[in-house]
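Participant: prediction below, plus the sequence it came from.
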Amino acid sequence: MNEHKLYLTETVPLLLEKLKSNDEPGFGIMTAHHMVEHLIWITKSSVKDYGPAPKELNEKQLGFMRFIDKGAHFKHRPSDKKREDLDPPRMSDLVQAVATINEAVARLYRHGPEKVFYNPMMGKLTFQQMELFHAQHYKYHLEEQFELNNK
């Protein structure tokens, strides 16, 4: 099992066991509940079948693909938004959201390593690039934003 799959399927559930609904982020405006739902939504929507990629990708898609190729290192970019600006969570509570993470990750792994994904925002990514993106995205939110660790 490669390091990204190990992280997403084994480490993420261990980290989420430590997350509490009243945990405050080290940065950003999301609550723990909002963050988990964000991860679920991004994971599920990124692996959705949008059909084949167009012959020419736009600059935003090409830029996202370059971001992945450089290792998908996320950085916090402050905004003027406030917590009150966030939509209310869709799930009843953090416990329900955490229980849904495995389903979201499983969607990625329903595909084999030969899969090439096309996403209108992300562009065209191989399975390995998509796996890297999600591992880095989860690490960013769980370990950096909410300062969870696997110790």
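Facilitator: Alright, I've got the coordinates.
Participant: what's near enough to touch the closest residue to residue 31 other than its chain neighbours?
Facilitator: In this structure, residue 31 finds its nearest non-sequential neighbour in residue 83, 7.1 Å apart by C-beta to C-beta, 6 or more residues apart in numbering. Where C-beta positions appear, they are placed from N, C-alpha and C, glycine not excepted. By C-beta atoms under 8 Å, 6 or more residues apart in numbering, the contact list for residue 83 reads 29-31.
Participant: where's residue 83 relative to residue 34, distance?
Facilitator: According to C-beta to C-beta, to the nearest Å, residue 83 and residue 34 sit 8 Å apart.
Participant: now swap in residue 64 and tell me
Facilitator: From residue 64 to residue 34 the distance is 22 Å (C-beta to C-beta).
Participant: what about residue 125, neighbour count?
Facilitator: 24 (other C-beta atoms under 10 Å).
Participant: what does the one 4 residues further on give?
Facilitator: Other residues within reach of residue 129, judged by other C-beta under 10 Å, total 18.
Participant: go on, residue 95?
Facilitator: 12.
Participant: and it, that one's in a helix?
Facilitator: Yes - under DSSP: H, G, I helix; E, B strand; the rest coil, residue 95 sits within a helix.
Participant: for it, give its distance to residue 75.
Facilitator: From residue 95 to residue 75 the distance is 30 Å (C-beta to C-beta).
Participant: what bits of this structure have low per-residue confidence?
Facilitator: Low-confidence segments of the chain, defined by pLDDT under 70, span residues 151.
Participant: can you give me the strands in it?
Facilitator: 116-119, 123-126 (DSSP state E).
Participant: Provide the contact partners of the last one at residue level.
Facilitator: Looking back up the chat, that one is strand 123-126. Taking C-beta under 8 Å, 6+ apart as the rule, strand 123-126 contacts 53, 57, 61-62, 64-65, 68, 115-119, 133.
Participant: what would those residues look like in TSV with distance to residue 44 and neighbour count?
Facilitator: Output for the contacts of strand 123-126, formatted as TSV (distance: C-beta to C-beta, whole Å; neighbours: other C-beta atoms under 10 Å):
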residue	distance to residue 44	neighbour count
53	19	16
57	22	17
61	19	20
62	24	13
64	18	20
65	20	16
68	18	18
115	15	14
116	18	13
117	12	21
118	15	17
119	11	18
133	14	23
